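Participant: need a structure here:
(chains A, B and C)
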Amino acid sequence: MGPNLFTNYYETASMILFAIGFTTLFLQPNIIKKIIGFNIMDTAIYLFLGAKGYIAGGLAPIIVNGVTDPSVYINPIPSGLVLTGIVVSVSVTAVSLALAQRLYKRYNTLNIDEILLQVEKERA
Amino acid sequence: MKTMKNKITAVFKKFIDGDFDIEAKEIKVKPEIKSEHKEQSMKERYLIWHDNHGVHSFKTIYAGCSIFVCVTLAVILLYTVSYLPAYGNPLNPANNEVSDRYTEFGLEETGAVNTVAGMILDYRAFDTFGESAVLFVAASIVMMLLKKDEKKRSKHLEDHSRDPIIKHIAQVIVPCLLIFGVYLVLNGHLSPGGGFSGGAVMGAGLILYSSAFGYRKASKVITDKLLRNIVFVSFCFYAVAKGYSFFTGANHIPTGIPLGTAGNIISSGLILPLNIAVGLIVTCTMYSFYALFNKGEI
Amino acid sequence: MIVFELILLGFLIFCSIAVSISKSLYSTVVIFMSYSLVMSLIWIILRSPDLAITEAAVGAGVTTILFFITLKNIDNMKDGNTDENDEE
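Facilitator: Residues are numbered from 1 along each chain as shown, chains lettered A, B, ... in the order given. Purely as a prediction, here's the structure:
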């Protein structure tokens, strides 16, 4: 193990969150919970990016009194990337929820195992 | 000896006549028949077992495998994190010359006080354009998946009576939300905010209005056609404005758009109109998500 | 300050575990909403106010509403799935 596991506590927490979201995505049979797990993975990645751009003691990247020295502010690039990413994650969520509604209409269940069984039965 | 010879000739004759196969006699051995029979029964047994226990054992194996994959992934990720450069250190490789340039020359080149707005709407404006396109595509997909037929729609339009508490609270909150959203969009280059956040706040305000005062009242003002036109005009404006700015910038022609004094509302060239375009697109998309999910139409 | 940050991060992890454990889907969505709100607090600590506003409006507002409407629609289909199901 390297030396920085506890110094980088934001990154550590975001990776734990990513793993939990991944586990939820894999192990929960319910589609709605799978979607929430996917969202948790999204936010974990955003947290990681945001923590990478933070500089201790830096200000928010809004220029005050014309001071343009880069050492005063935090890194603006992760903020810009995450800002667009958050909005994309909403549209992904909306599309997957619409698909979940269609699946429920067709198979009358949200459980993915039962949906698979029904599909197999129909094929046979 | 003679009998043996007779036997062979008889067999040979039979073989020539075609009703006897020498090779088959030699190769046809009993164990093979047995194994074929056994295989069939194995298959049957497997099918019976699959019908009874297949799903259950599949679930167990799947759960075991996925736990193994997740734990391995977590360990690998944490191991990597432990070797990353320390959190908050200004000398990290992430804080390189690109971000330095954005903060150092951002104000001068784009005129935006908010460096993030200057970055996503000036230096990286094509990225934001693709972003808005993603929103538009998502709204189209949701429309394809959830839009209802004409005859079904009338049945669902009946509004049940609304809760008076929600109505009274919404009367206070909705104007505040809308004004805050407009402020965020218009001040996107001066303070935190911008098209995405302001659009999301305005969309939330419209959603609250629609859910508190009934869908009919909202759909009188916000129609399908209006939303479509707003999104179309915003997209065209964004594409034309940014195409012009990129074309002139790449060929070192002065754009002729004044940057204004930094800190004023009307300043920083194209960023303010682009913010408005993005904000309108986001608002319309959020509201159409809500309307499509709730009623199956905009 | 570090203690406060650690409490917030611990709350995030707690919420994400509670999502998988909780039985009712409605409470799952509410847990996810509080997760988003705490996330927006963390964005303020990380000095990114743009992200804080967006996350609060989008994560706690719009996404939660979409989840709730989906659950409502599914409940409606459960009650009267005869008139909803006949188009397939």
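Participant: remind me which helix or strand the closest residue to residue B:293 other than its chain neighbours belongs to.
Facilitator: In space, and not counting its chain neighbours, residue B:293 is closest to residue C:69: 4.4 Å by Cβ to Cβ, 6 or more residues apart in numbering or on different chains. Using the backbone N, CA and C atoms, a C-beta is placed for each residue, glycine as well. Residue C:69 belongs to helix C:63-79 when assigned by DSSP states H and E.
Participant: where in the chain is pLDDT low?
Facilitator: Reading this off chain A. Applying pLDDT under 70 to chain A flags no residue at all.
Participant: my bad, chain C
Facilitator: Using pLDDT under 70, the flagged stretches of chain C are C:81-88.
Participant: now do 80
Facilitator: Low-confidence segments of chain C (pLDDT under 80): C:79-88.
Participant: and it, which residues reach chain B?
Facilitator: Chain C comes close to chain B at residues C:49-50, C:52-54, C:57-58, C:61-62, C:65-66, C:69-70, C:73, C:87, as judged by Cβ under 8 Å from any Cβ of the partner chain.
Participant: from these, pick the one nearest residue B:99.
Facilitator: Residue B:99 has its nearest neighbour among the residues of chain C next to chain B in residue C:50, at 15.3 Å by Cβ to Cβ.
Participant: tell me who's in contact with that closest one.
Facilitator: The neighbourhood of residue C:50, defined by Cβ atoms under 8 Å, 6 or more residues apart in numbering or on different chains, consists of A:79, A:83, B:114, B:116-117, B:192-194, B:197.
Participant: tell me which entries of the residues you listed lie within helices.
Facilitator: Per DSSP state H, helices hold the following members of the contacts of residue C:50: A:79, A:83, B:116-117, B:197.
Participant: from those, which are also near chain C?
Facilitator: On the criterion Cβ under 8 Å from any Cβ, A:79, A:83, B:116-117, B:197 are the entries of the ones in helices among the contacts of residue C:50 that sit beside chain C.
Participant: show me the contacts for the most centrally placed residue in chain A.
Facilitator: The centroid of chain A falls nearest to residue A:42 when counting by Cα atoms, centre = their mean (1.0 Å). Contact partners of residue A:42, counting by Cβ under 8 Å, 6+ apart, are A:85, A:89, A:92.
Participant: residue C:6 and chain B: what is the separation?
Facilitator: Distance, residue C:6 to chain B, using Cβ to the nearest Cβ, to the nearest Å: 13 Å.
Participant: burial count for that residue?
Facilitator: Neighbourhood size, residue C:6 [other Cβ atoms under 10 Å in any protein chain shown]: 12.
Participant: how about residue C:39?
Facilitator: Applying other Cβ under 10 Å, I find that residue C:39 has 27 neighbouring residues.
Participant: which of the contacts of residue A:42 lies closest to chain C?
Facilitator: residue A:89 (8.1 Å; Cβ to the nearest Cβ).
Participant: can you tell if the helix or strand that that closest one is a member of touches chain B?
Facilitator: Per DSSP H and E, residue A:89 falls inside helix A:76-107. Yes. Residues of helix A:76-107 are located near chain B by Cβ under 8 Å from any Cβ, namely A:76-80, A:83-84, A:86-88, A:90-92, A:94-95, A:97-99, A:101-102.
Participant: what subset of those residues is buried?
Facilitator: The neighbour count (16 or more other Cβ atoms under 10 Å in any protein chain shown) marks A:76-80, A:83-84, A:86-87, A:90-91, A:94-95, A:97-99, A:101 as buried among the residues of helix A:76-107 next to chain B.
Participant: give me the buried positions along the helix or strand the residue nearest to the centre of chain A falls within.
Facilitator: Residue A:42 belongs to helix A:31-53 when assigned by DSSP H and E. Within helix A:31-53, the residues that count as buried by 16+ other Cβ under 10 Å are A:31-53.
Participant: could you report the neighbour count for residue B:179?
Facilitator: Count around residue B:179 with other Cβ under 10 Å applied: 13.
Participant: over to residue B:78?
Facilitator: Close neighbours of residue B:78, defined as other Cβ under 10 Å, add up to 18.
Participant: need the pLDDT of it.
Facilitator: Looking at residue B:78, its pLDDT reads 91.
Participant: isn't it right up against residue A:15?
Facilitator: Yes. The pair residue B:78 / residue A:15 is scored as a contact, 5.7 Å apart, by Cβ atoms under 8 Å.
Participant: tell me the contacts of residue 36?
Facilitator: I'll assume chain A. The contact partners of residue A:36, taken as Cβ under 8 Å, 6+ apart, are A:24, C:19, C:28-29, C:32, C:67.
Participant: you looked at the wrong chain, it should be chain C
Facilitator: Contacts for residue C:36 were tallied using Cβ under 8 Å, 6+ apart; they are A:43, C:55-56, C:59-60, C:63-64.
Participant: and residue A:57, what element?
Facilitator: With DSSP H and E as the criterion, residue A:57 is inside neither a helix nor a strand.
Participant: for it, list the residues it contacts.
Facilitator: residue B:88.
Participant: now swap in the one 4 residues further on and tell me
Facilitator: Neighbouring residues of residue A:61 by Cβ under 8 Å, 6+ apart: A:73-76, A:79, B:103, B:114-116, C:47-48.
Participant: which residues touch the residue nearest to residue A:81 when sequence neighbours are not counted?
Facilitator: Residue nearest to residue A:81 in three dimensions, not counting chain neighbours: residue A:49, with 6.1 Å by Cβ to Cβ, 6+ apart. Going by Cβ under 8 Å, 6+ apart, residue A:49 touches A:78, A:81-82.
Participant: make CSV out of the contacts of residue A:61 and add distance to residue B:249.
Facilitator: Listed next are these as CSV, based on distance: Cβ to Cβ, whole Å:
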residue, distance to residue B:249
A:73, 25
A:74, 27
A:75, 24
A:76, 20
A:79, 23
B:103, 20
B:114, 21
B:115, 19
B:116, 20
C:47, 30
C:48, 28
